[in-house]
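# Here you go, sequence then predicted model.
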Amino acid sequence: MKKNISVVVIAILLASLLVACGSNEDKPEELIISTYGLSDDKIEEEVFKPFEEANNVKIITETGTTSERYTKFESNKNSNIDIIELSQSAAAKGYEKGIFEKIDYSKIPSAANLIDSASGITSEGFGPPYTINSIGIIYDEEAIGMEINSWEDLWDPSLEGKISIPEITTTFGPAMVHIASEYKDVDIKSDNGEAAFQGLEELKDNIVKTYAKSSDLANMFTSGEIAVAVVGDFAIPIIKGANPDLTFVVPESGTYANFNTMEINANSKNKELAYKYIDWRISEELQSITPKSFNESPINKKVVLDEDTAKNLTYGKVAENAKSIDYSFVNPLLDEWIDKWNRILNY
């Protein structure tokens, strides 16, 4: 009898061990991504879910603005973030501090199809872009009684107390400084931005508010708090979704472009999985979907857009005329610029 009981006990223990082993094998790995948090449901369905199912992985996200997420990441040497999505300026800071992995592009087959203008990023071993965006002007023509066609129009006295511009610490804050320098007809590198801040001081009366989150602009237009805003094209669907009569224009003189990039934490324990995700994010398959779903301009040159899809994106002529910001010039000056900006616009 005792022997039979022993046999039963051993059998139960073995079964338990097998179940435990099986459950561990089936348990998905976790990949932690720091991202912007726009269009959460669509990203979950169209970007994350297919990758999770194909690789037996669970994606966990941390969301927020570029500035918030980068500052948090930089200050925590033990961060468990595997991939962080950032603007070019923030990514450049991270590489200077050595907190990002130098990318091995042999592990990202889709990178062979990146648009030519991305070569400046990839040739240095920086994380690849997954989209390119640019800055333009969105406005309520009925409220202001005029058309806006150029950056210079922002300085029109009739727009007093009607404009919102991006805060200096946001993705397109430095672009606003460049635009002000162009308004003063001065090469920004010739005076480190001195003329630009004179231009911003001249613009001050027209600015009712600076903003940190472009998603807040929808409510500001709806409430009548603003009638004009300088904004990245990625935010246009959200703003026009609430205010369909607004007009978005990219001045023919050109715009400033920004690549949103994907960087791998140098201390990540999931680097191989991170490489797989990055390859998926810039694949032709996914890049053919994201322009319509998220208003993301494609960086995979195999993707061709129809005219309707391309109209609010950094694509075609808009992309060809877009200027790049030299962050090796901007970043060393940024603290000084922030101080000047706050004294002029946020006192």
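Alright, I've got the coordinates. Numbers count the residues shown, from 1 in each chain.
# Show me where the stretch 201-347 of the chain has its helices.
217-222, 236-242, 271-281, 284-287, 290-294, 307-310, 317-321, 327-345 (DSSP state H, counting those that start in this stretch).
# again with the stretch 1-150 of the chain
Going by DSSP H, counting those that start in this stretch, the stretch 1-150 of the chain shows helices at 2-26, 40-43, 49-55, 66-74, 88-97, 119-122, 141-144.
# so what does the fourth one touch, helix or strand wise?
Put plainly, it is helix 66-74. If you count contacts as 3 or more C-beta pairs under 8 Å, 6 or more residues apart in numbering; DSSP states H and E, helix 66-74 packs onto strand 83-87, helix 88-97. Every residue, glycine included, has its C-beta placed from N, CA and C.
# again, 6 Å this time
If contacts are counted by 3 or more C-beta pairs under 6 Å, 6 or more residues apart in numbering; DSSP states H and E, helix 66-74 sits against strand 83-87.
# Could you check the angle the strand it packs on makes with helix 66-74?
140 degrees (axes from the mean of the first three to the mean of the last three C-alpha atoms, to 10 degrees).
# strand partners of strand 83-87, parallel vs antiparallel please.
In the sheet, strand 83-87 lines up against strand 29-35 (parallel), strand 256-264 (antiparallel) (DSSP bridges).
# what comes up buried for the first one?
Within strand 29-35, the residues scored as buried using 16 or more other C-beta atoms under 10 Å are Leu31, Ile32, Ile33, Ser34, Thr35.
# and what of stretch 88-100?
For stretch 88-100, by 16+ other C-beta under 10 Å, it's Gln88, Ser89, Ala90, Ala91, Ala92, Lys93, Gly94, Tyr95, Ile99, Phe100.
# How about stretch 206-224?
Asn206, Ile207, Val208, Lys209, Thr210, Tyr211, Ser214, Asp216, Leu217, Ala218, Met220, Phe221.
# which of those lies closest to Thr61?
Thr61 lies nearest to Ser214 out of the buried residues of stretch 206-224, by C-beta to C-beta, at 18.9 Å.
# residue contacts, that closest one?
Val231, Ala235 (C-beta atoms under 6 Å, 6 or more residues apart in numbering).
# Ile132 pairs with what?
Applying DSSP bridges, one finds that Ile132 bridges with Phe259, Ser297.
# ok, and for stretch 107-127, which residues are buried?
So stretch 107-127, judged by 16+ other C-beta under 10 Å, has buried residues Ile108, Ser110, Ala111, Asn113, Leu114, Ile115, Ser117, Ala118, Ile121, Thr122, Phe126, Gly127.
# Worst mean pLDDT among the helices of the stretch 1-150 of the chain?
Among the helices of the stretch 1-150 of the chain, helix 2-26 carries the lowest mean pLDDT, a mean of 50.
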